[in-house]
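**Q** just need the structure, nothing else, for what follows:
(one chain, ligands or ions: 1)
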Amino acid sequence: MPGMGAVATTFIGGVLAIRQGLGLPIGALSQMGTLPMAAEAGGEIPIKNLLPLARLEDLVFGGWDIFPENMHTAALKAGVLAPATLAHIKADLERIRPMPAVFDRACVRQIEGPHVKQAGSKMALAEQLRDDIRSFKAANDLDRAVMVWCASTESYGELAPVHQSLSAFEEGLETSHPAIVPSMIYAYAAIREGVPFANGAPNLTEEIPALQDLAAEAGVPISGKDFKSGQTMIKTVLAPAFKARLLGVSGWFSTNILGNRDGLVLRDAEALKSKQVSKLSALEQILDAQVYPDLYSDMYHTVDINYYPPRGDNKEGWDNIDIFGWLGYPMQIKIDFLCRDSILAAPLVLDVALFMDLAARCGLTGLQDWLAFYYKRPILAAGARAEHDLFRQLAILQDRLRTLADLAVPARGVSGEMAVN
Ligand SMILES: NC(=O)c1ccc[n+]([C@@H]2O[C@H](COP(=O)([O-])OP(=O)(O)OC[C@H]3O[C@@H](n4cnc5c(N)ncnc54)[C@H](O)[C@@H]3O)[C@@H](O)[C@H]2O)c1
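**A** Modelled structure (predicted):
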């Protein structure tokens, strides 16, 4: 994991705690979900019985951060898992120390740390990351790895010519082109090492053609972007309900307060823009004003995020929804979601890591549309239609898992021998 802050430590600490029987993997489809099958095939079958997913006992964790603290110290600082829980897994957490990061303050302007790689060019940084991946796998005797971006949100960026082809991108790495940001360097290193890459933040990363082409060429799955954990998850459940009942929406006002480091990073206008663009996209797609102009063409949608230190990771998300019904009579819905950001995100990291690993072993390459369920802004192959409705996304995911179950890949080691349409 690039980025070993609140989400990463909650994920790692959670898996270690679950291994010790200290809690359940609540929220993780891969661990607690079932697949509806025909009655004669057994009805609802636990996903982990049907698919040869890597087991929690077999996972080894590592990553990079700009702060050198071990995972116990970082978890205490993040303040998500209770100190009493952390005490049980202290020794294991202390053993996990971040490797020095590839960092650019121009992309994440609110934080600065000492644990950063120094190298001549961005290509040299990518080479160092590739070395890190190889050393980590060798030191831990690993068959495979998956990279999940859990680092800070980078400043808003748009596609530039240097992103358009692999050759332009590699030349840009050599000349340290400013439009190549750290998340792209990590993704490049991962894909070049045959490691699937997933993006939990709203960064541009795997959206760029250069990395999509590389993933296809190297036969590596990629997916993103921005975990759909709290407010957007609820939005993509409610909006389809309004559409199903043909209720109009005139306004959707969303705001959040949070006080973790993620919130601090989002104080910067450019990082905030990355997150806002990501959070805005779902509603417009679900409530399609072209198909239902009388219901949704005048919808006013706004999303705000405010840094408020007293709440730490315990984000509060408010939604005020102005809807209208029969003859246009207005009504209102208010939601106040007192959530825990990283508690919602940790199971998504686990699912994405296990499913990306499975995808790689089944020979799936490039963008993995079927994992849209996990993302606020699913990045899809050219021409594919974005699907944001949570239950439709779940159905797509389940269909894909059923196909993969039919292929019945062995649990360890095998790659690239299945053909999946
Ligand atoms: N928690 C959620 O519900 C949720 C949902 C969607 C997306 N996200 C995204 O997940 C990411 C992590 O969230 P968090 O709450 O753990 O934030 P965090 O600030 O606690 O952790 C991020 C870590 O990344 C490190 N970092 C920054 N740039 C880095 C780089 N280039 N290389 C290595 N490390 C780097 C920071 O030092 C920090 O420790 C954020 O981008 C956030 O927007 C979180």
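
**Q** CA atoms for contacts and neighbours, from now on please.
**A** Will do.

**Q** chain center to the top strand by length along the chain: distance?
**A** Taking DSSP state E as the criterion, the chain has its longest strand at strand 248-258. Chain-centre distance of strand 248-258: 23 Å, with Cα atoms, centre = their mean, to the nearest Å.

**Q** cool, and stretch 275-288?
**A** Once both centres are worked out by Cα atoms, centre = their mean, stretch 275-288 turns out to sit 17 Å from its chain's centre.

**Q** can you check stretch 74-86 too?
**A** 22 Å.

**Q** hmm, who's touching that stretch?
**A** Contact partners of stretch 74-86, identified using Cα atoms under 8 Å, 6 or more residues apart in numbering, comprise 4-6, 9-10, 13, 17, 22, 72, 260, 312-313, 342-343.

**Q** which of those sit farthest apart?
**A** Farthest pair in those (Cα to Cα) is 22 and 260. Separation: 25.1 Å.

**Q** what about the two, which has more around it?
**A** residue 260 (26 against 12; other Cα atoms under 10 Å).

**Q** using CSV, list the CA coordinates for the strand or helix carrying residue 87.
**A** Taking DSSP states H and E as the definition, residue 87 sits inside helix 83-88. Extracted in CSV, the C-alpha atoms of helix 83-88 (Å, rounded to 0.1, in the frame of the first residue of the first chain):
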residue,chain,number,x,y,z
PRO,A,83,-5.9,1.0,22.1
ALA,A,84,-7.2,-2.1,23.8
THR,A,85,-7.6,-3.9,20.4
LEU,A,86,-4.2,-2.6,19.2
ALA,A,87,-2.5,-4.0,22.4
HIS,A,88,-3.4,-7.6,21.2
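
**Q** after it, which helix or strand is next?
**A** Later in the chain than helix 83-88, the nearest helix or strand by DSSP H and E is helix 90-95.

**Q** can you list the residues of the chain near the ligand?
**A** 2-8, 64-67, 101-103, 150-153, 182, 200-201, 226-229, 261-262, 341-342, 344-345 (Cα under 6 Å from any ligand atom).

**Q** out of those residues, which sit inside strands?
**A** Per DSSP E, strands hold the following members of the residues of the chain next to the ligand: 64, 65.

**Q** what sits against the most centrally placed residue in the chain?
**A** When Cα atoms, centre = their mean is applied to the chain, the residue found nearest the centroid is residue 200 (2.4 Å). Contact analysis of residue 200 by Cα under 8 Å, 6+ apart lists 148, 149, 150, 224, 225, 226, 227, 349, 375.

**Q** give me the number of neighbouring residues for the last one.
**A** Burial of residue 375 is recorded as 28 neighbouring residues (other Cα under 10 Å).

**Q** ditto for the second one
**A** The local packing of residue 149 (other Cα under 10 Å) involves 28 other residues.

**Q** can you check the fourth one too?
**A** Burial of residue 224, expressed as a neighbour count using other Cα under 10 Å, amounts to 31.

**Q** could you report the neighbour count for the closest residue to it other than its chain neighbours?
**A** Using Cα to Cα, 6 or more residues apart in numbering and skipping the chain neighbours, the partner closest in space to residue 224 is residue 199 (4.7 Å). Residues lying near residue 199 (other Cα under 10 Å) number 26.

**Q** wait, residue 199 sits on residue 149?
**A** Yes: the pair residue 199 / residue 149 is scored as a contact, 4.8 Å apart, by Cα atoms under 8 Å.

**Q** can you pull the contacts of the nearest residue to residue 247 once chain neighbours are set aside?
**A** Closest residue in space to residue 247, ignoring its immediate chain neighbours: residue 325 at 5.4 Å, by Cα to Cα, 6+ apart. With contact set as Cα under 8 Å, 6+ apart, residue 325 has these partners: 247, 248, 331.

**Q** out of these, flag the one nearest to residue 166.
**A** residue 248 (45.0 Å).

**Q** C-alpha coordinates for the longest helix seen in the chain, PDB please?
**A** When the chain is parsed with DSSP state H, its longest helix is helix 341-361. Output of helix 341-361 as PDB, limited to C-alpha atoms (Å, rounded to 0.1, in the frame of the first residue of the first chain):
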ATOM      1  CA  ASP A 341     -14.500   6.700   7.600                       C
ATOM      2  CA  SER A 342     -11.800   4.100   7.900                       C
ATOM      3  CA  ILE A 343     -14.100   1.500   9.500                       C
ATOM      4  CA  LEU A 344     -16.200   1.700   6.300                       C
ATOM      5  CA  ALA A 345     -13.100   1.800   4.000                       C
ATOM      6  CA  ALA A 346     -11.100  -1.100   5.500                       C
ATOM      7  CA  PRO A 347     -13.300  -3.900   4.200                       C
ATOM      8  CA  LEU A 348     -13.300  -2.400   0.800                       C
ATOM      9  CA  VAL A 349      -9.500  -2.500   0.700                       C
ATOM     10  CA  LEU A 350      -9.600  -6.200   1.600                       C
ATOM     11  CA  ASP A 351     -12.200  -7.100  -1.000                       C
ATOM     12  CA  VAL A 352     -10.500  -5.200  -3.700                       C
ATOM     13  CA  ALA A 353      -7.100  -6.700  -2.900                       C
ATOM     14  CA  LEU A 354      -8.500 -10.300  -2.900                       C
ATOM     15  CA  PHE A 355     -10.600  -9.800  -6.100                       C
ATOM     16  CA  MET A 356      -7.800  -8.100  -8.000                       C
ATOM     17  CA  ASP A 357      -5.600 -11.000  -7.100                       C
ATOM     18  CA  LEU A 358      -8.200 -13.400  -8.300                       C
ATOM     19  CA  ALA A 359      -8.600 -11.500 -11.500                       C
ATOM     20  CA  ALA A 360      -4.900 -11.700 -12.200                       C
ATOM     21  CA  ARG A 361      -4.900 -15.400 -11.600                       C
END
